[in-house]
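Asks: coords please:
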Amino acid sequence: MTTDALKSVPSIARSSVEDRVAETLRNLIVTGELAEGTPLVQRDLAERLGVSQTPVRLGLVELERAGLVEVGETGRASVTRLSREDFEEISAARLGLEGLAARLGAAAAGPAEVERMRVGLRELERLGREADVDGYLRARWAFHAACYEASGRTRLVAEVERLFWRSERYNRIVLSTKERFRRSVGNYRRFYEACKAGDPKAAESVIHESMQWAVDLIWDELPSERG
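Replies: Predicted coordinates for the structure are as follows:
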């Protein structure tokens, strides 16, 4: 979304203005329209979005909690910079929580959930062939959620989803070539087969292996916070 696109969103409904502002800013950040390190001036953002500064301020607070915005000692907000350390920390948290969600979900998934995953896998295969990053990332969560939600652990699934989207900028780097898409789709096939077989340990193992693959893959492409 460009600056012109930002200017075209003045019709945000009052009842959902905070959510819409936060979602708009999130999309700008994860797609790179607001690059890492970009200063986020509330007055300028409010003018571009056609809203007051209050929802912008609240949106930035929400994005700070999500790890996409950082506030310096001067109180000025900017887009969080990508780093090895940040990706490693997000991935470590996902390893534990998402591994648990995968294990519990695979044990509880019934025919309806497995069918949702089968349909989702076909969609991921199509989007992978087209190298459609935006569509693929959206479809990835829908595919995972079909398994995780079967666990009935709503608090766990909510936290897994938060971390899932926090890692989106890094996943865009992971999915930068068709070969990487091919490997990613292969991981999803393995996860689907584990859930279809009702094998919790295999499902958890696939999640762990695919996350470690992503970390190892782009580790050298990311800067270190240590300089």
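Asks: Starting from the longest helix along the chain, tell me the next helix or strand along the chain.
Replies: With residue count as the measure and DSSP state H as the assignment, the chain has helix 84-108 as its longest helix. Remark: after helix 84-108, the chain's next helix or strand is helix 111-130, criterion DSSP states H and E.
Asks: what comes into contact with that following helix?
Replies: Outside of helix 111-130, the residues that reach it under the criterion C-beta atoms under 8 Å, 6 or more residues apart in numbering are 105, 109, 135-136, 139-140, 142-143, 146-147, 149-150, 181-182, 184-185, 188-189, 192, 195-196. (Each C-beta comes from the backbone N, C-alpha and C, glycine too.)
Asks: Take those and keep only those in helices.
Replies: For those, the ones inside helices are 105, 135-136, 139-140, 142-143, 146-147, 181-182, 184-185, 188-189, 192, 195-196, with DSSP H as the criterion.
Asks: Distance of the residue located most distally from the centre of the chain relative to residue 39?
Replies: With distances taken as C-alpha atoms, centre = their mean, the residue sitting farthest from the centre of the chain turns out to be residue 74, at 28.8 Å. Going from residue 74 to residue 39 by C-beta to C-beta, to the nearest Å gives 11 Å.
Asks: for this structure, which spans come out with low pLDDT?
Replies: Under the criterion of pLDDT under 70, the regions of the chain flagged as low confidence span 1-15, 227.
Asks: repeat that with 50
Replies: Applying pLDDT under 50 to the chain picks out residues 1-15.
Asks: so residue 33, which of the three states?
Replies: The three-state label given to residue 33 by DSSP: H, G, I helix; E, B strand; the rest coil is coil.
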